[in-house]
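Novice: using only what follows, build the 3D model:
(one chain, ligands or ions: 2)
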Amino acid sequence: MREPATYSPTQKLLHWAVALIVVEQVIVALAMTNVGEGPLQNQLYEMHKSFGLVVLALVLARVLVRLSRGAPAPEDGIPGWQRVAARVSHASLYLLILIVPLLGWAGTSACCAPVNLFGALPLTLPISGGMPVGEAILKVHGAAAFALTALVGVHVAAALHHHVVRRDGTLRRMLAGG
Ligand code: HEM
Ligand code: HEM
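Specialist: Ligands and ions are numbered 1, 2, ... in the order given. Below is the predicted model of the structure:
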């Protein structure tokens, strides 16, 4: 894998766009499953499904950029076990941000509701099995999304540890101008 000196502006933009939408997705998911039936719930579901597909598209672009361009080597002086931990957790984050929206899309298509991108583009997948299959997939979707949320918590703590305790350039190099 190539090791450029910096993350490209595209990599930074995609990182922060995906981060922002994933946080929004979890908040909207908790709201939509707790707000009670009605027009607001329907709107939240539609918002969750559409922005979930936007994340999926951004992540696919991100993976392509990552595979073709690589990522900078860790900052100097970081112990071996932390390099391994970073590599494993980044790979797990990539895996989860791909499978979470895919499972949401597959589960919704199978169980009970059409998937329309912002009410304009029909994108329901042809998945049979009906309610039982759809509900089972959505259960895994929810569990994987909560695992993603937990891992993001660890990831943010690690980024802050680098910035505040170690005072190295790890966070800065993912920021604009860094
Ligand atoms: C990164 C993207 C996504 C994240 C982080 C995410 C997160 C979540 C979370 C945390 C829940 C569980 C809520 C709860 O049980 O309290 C949930 C539920 C759900 N998600 Fe997603 N989601 C994403 C993408 C999608 C997509 C693309 C779709 C469909 C096209 C989708 C459809 C659903 C549905 C229908 C539920 C409700 C399941 C139920 O009623 O039990 N999600 N999502
Ligand atoms: C949903 C939220 C997030 C996801 C899915 C995510 C995912 C990732 C992934 C996969 C990488 C590896 C990039 C690569 O090498 O190609 C990365 C790097 C990074 N992330 Fe996040 N991230 C999220 C949120 C955040 C937040 C909120 C912060 C800061 C507080 C942050 C700080 C960083 C930093 C500093 C790096 C660079 C690490 C390095 O250069 O070794 N991330 N992120």
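
Novice: quick one: the strand or helix carrying residue 20 to chain centroid distance?
Specialist: For residue 20, the enclosing helix or strand under DSSP states H and E is helix 9-34. A distance of 7 Å separates the centroid of the chain from that of helix 9-34, by CA atoms, centre = their mean, to the nearest Å.

Novice: beyond it, next helix or strand please.
Specialist: Counting by DSSP H and E, what follows helix 9-34 is helix 39-69.

Novice: can you tell me the SS state at the residue of the chain most remote from its centre?
Specialist: In the chain, the greatest distance from the average C-alpha position (CA atoms, centre = their mean) is reached by residue 77, at 29.1 Å. State at residue 77, reduced to three classes by DSSP: H, G, I helix; E, B strand; the rest coil: coil.

Novice: contact partners for it?
Specialist: residue 168 (CB atoms under 8 Å, 6 or more residues apart in numbering). C-beta: built from backbone N, CA, C; applies to glycine.

Novice: tell me the spacing between the residue most central in space within the chain and ligand 2.
Specialist: For the chain, the residue nearest the mean C-alpha position is residue 97 (3.4 Å; CA atoms, centre = their mean). The gap separating residue 97 from ligand 2 is 5 Å, by CB to the nearest ligand atom, to the nearest Å.

Novice: burial count for residue 93?
Specialist: 19 (other CB atoms under 10 Å).

Novice: wait, doesn't it sit right on residue 151?
Specialist: Yes - between residue 93 and residue 151 there is a contact under CB atoms under 8 Å: 6.0 Å.

Novice: just to revisit the earlier point, what sits closest to the residue nearest to the centre of the chain if chain neighbours are left out?
Specialist: Excluding the flanking residues, the one nearest residue 97 by CB to CB, 6 or more residues apart in numbering is residue 59, at 4.9 Å.

Novice: over to residue 178?
Specialist: residue 172 (3.8 Å).

Novice: and residue 122, how many neighbours?
Specialist: That count, for residue 122 with other CB under 10 Å as the rule, works out to 9.

Novice: leaving out sequence neighbours, find the closest residue to it.
Specialist: residue 116 (5.5 Å).

Novice: just residue 108 next, same as before
Specialist: residue 115 (5.6 Å).

Novice: likewise for residue 159?
Specialist: residue 171 (5.0 Å).

Novice: got a list of what that neighbour touches?
Specialist: Residue 171 neighbours (CB under 8 Å, 6+ apart): 159, 160, 162, 163, 178.
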